[in-house]
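> Provide a 3D model corresponding to the input given below.
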Amino acid sequence: MKSKKTLVLGATTKPDRYAFKAITMLVDKGHSVLALGQNAGEVAGIKIQTKAIPIKNIDTVTLYLNPTRQRDYYNYIVEVKPKRVIFNPGTENPEFYQLLKLNDIKVEIACTLVLLTTNQY
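Numbering: from 1, shown residues only. This next block holds a predicted model:
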């Protein structure tokens, strides 16, 4: 399986949160991971950035932010030009789907943890 450079948006150091579990599982499966969250910290050896940083050659952005909080990142995600954006349960956002599709970015409404567990990532 090819490693997919992934940005986890909404990263957290709280072990009971799905973003934390996603970072851990992505690392365990050998993917290159970047993390962006409200608070700095570290998960599975990955530092959580608190400011949007320039990124190149990103395959996937996986969202763990509600639609209202996503608005602050619309332009950033479009500029990063990922191949796809995964909208995990609770992050569904038809307004953002349209913007991504206009910029030729694939929209995937799925659960990152399920995709990784079933080898469909």
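> CA only for contacts and neighbour counts going forward, please
OK.
> spell out the secondary structure type for residue 108.
strand (DSSP: H, G, I helix; E, B strand; the rest coil).
> now do the contacts for residue 50.
Neighbouring residues of residue 50 by CA atoms under 8 Å, 6 or more residues apart in numbering: 36, 37, 38, 39, 40.
> quick one, which of these are buried?
The neighbour count (16 or more other CA atoms under 10 Å) marks 36, 37 as buried among those.
> format the contacts of residue 50 as a markdown table; extra columns: pLDDT and secondary structure.
What follows is the contacts of residue 50, written out as a markdown table (pLDDT from 0 to 100; DSSP: H, G, I helix; E, B strand; the rest coil):
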| residue | pLDDT | secondary structure |
| --- | --- | --- |
| 36 | 98 | strand |
| 37 | 98 | coil |
| 38 | 96 | coil |
| 39 | 97 | coil |
| 40 | 97 | coil |
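> nearest to residue 120 among the contacts of residue 50?
residue 36 (23.6 Å; CA to CA).
> pretty sure the closest one contacts residue 51?
Yes - in this structure, residue 36 is within contact of residue 51 by CA atoms under 8 Å, at 7.0 Å.
> now the nearest residue to residue 44 once chain neighbours are set aside. Its backbone dihedrals?
Distances taken as CA to CA, 6 or more residues apart in numbering place residue 24 nearest to residue 44, at 5.6 Å, with adjacent residues excluded. Dihedral pair for residue 24: phi -60, psi -50, per degrees, to the nearest 10.
> check residue 63 too.
Dihedral angles (degrees, to the nearest 10) for residue 63: phi -100, psi 130.
> tell me the contacts of it?
Going by CA under 8 Å, 6+ apart, residue 63 touches 8, 9, 10, 85, 86, 87, 88, 91.
> and residue 6, by the same measure?
Contacts of residue 6 by CA under 8 Å, 6+ apart are 31, 32, 33, 34, 58, 59, 60, 61, 62.
> go again with 6 Å.
Shown in contact with residue 6 (CA atoms under 6 Å, 6 or more residues apart in numbering): 33, 59, 60, 61.
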